[in-house]
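J.: Quick one, fold the following:
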Amino acid sequence: MVQLLLKKSPEARPRASEALQSPWMRKYSMVEGSSREDVFNGLKNLQVFRTQMTFQKAVLSYIASQELSKSEEEKLKEAFDSIDKDKNGCISKEELIEGYEMMGRTRMRAQVEAEYVMTRLDVNRNGTIDYNEFLMANLATYNVLTKDKLNKAFDFFDTVT
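T.: Sure, this is the predicted structure:
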């Protein structure tokens, strides 16, 4: 497929729609509509979580530990537990890979995604994603980052500093 796409003459190359339908492209592309089950939304959201801003992490950590309702906490815990197969309270890289494979990713694609997630989400660099790190990455998706909770977090940090 790659050789066909690199042909010098545009007429000799497959059209984009043809290329996207090739077995090679399908094998290495991400599955569309991967939100098949709410439980696996956590995996998708881990990919977009950014850990660069210390204050943002602090605010998310505060909300995760202090401001979640019982039902919000239960829903997030259920998602976490479905990925944490050995029930040790941490998600390993292998458990992430297995989760992505359950979502239809190839083993190779799942490994790439798991590596990406681990480098961005494993805040304490212990090689696993603990429950608090998982919570921080998933707060926005589960609609728990409300204005009221953010105000409480900022009020908390105003009194601390």
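J.: C90 against D130, yeah?
T.: Yes: judged on CB atoms under 8 Å, C90 makes contact with D130 at a distance of 5.2 Å. Bear in mind the C-beta positions are built from the backbone N, C-alpha and C, glycine included.
J.: Which residue ranges of the chain form helices?
T.: For the chain, the helices defined by DSSP state H occupy 2-5, 16-21, 23-28, 41-48, 54-66, 70-83, 93-102, 107-121, 131-138, 147-160.
J.: Among those, show me which one is buried the most.
T.: Mean neighbour count (mean count of other CB atoms under 10 Å) peaks for helix 131-138 among the helices of the chain, with a mean of 22.
J.: helices or strands up against it?
T.: Judged by 3 or more CB pairs under 8 Å, 6 or more residues apart in numbering; DSSP states H and E, helix 131-138 is in contact with helix 41-48, helix 54-66, helix 70-83, helix 107-121.
J.: For L145, find the nearest of those helices.
T.: Smallest distance to L145 across the helices and strands packed on helix 131-138 (CB to CB): 6.9 Å, for helix 54-66.
J.: For that closest one, name the packing helices and strands.
T.: When contacts are defined as 3+ CB pairs under 8 Å, 6+ apart, helix 54-66 sits against helix 131-138, helix 147-160.
J.: Tell me how far the last one lies from the chain's centre.
T.: Okay, so that is helix 147-160. Its chain's C-alpha centre and that of helix 147-160 lie 26 Å apart, by CA atoms, centre = their mean, to the nearest Å.
J.: ok, residues contacting that helix?
T.: Residues outside helix 147-160 that contact it (CB atoms under 8 Å, 6 or more residues apart in numbering): F55, A58, V59, Y62, I63, Q66, E67.
J.: can those residues go into TSV with extra columns for pLDDT and distance to L139?
T.: Converted to TSV, those look like this (pLDDT from 0 to 100; distance: CB to CB, whole Å):
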residue	pLDDT	distance to L139
F55	66	15
A58	76	13
V59	79	10
Y62	80	11
I63	81	6
Q66	81	12
E67	80	9
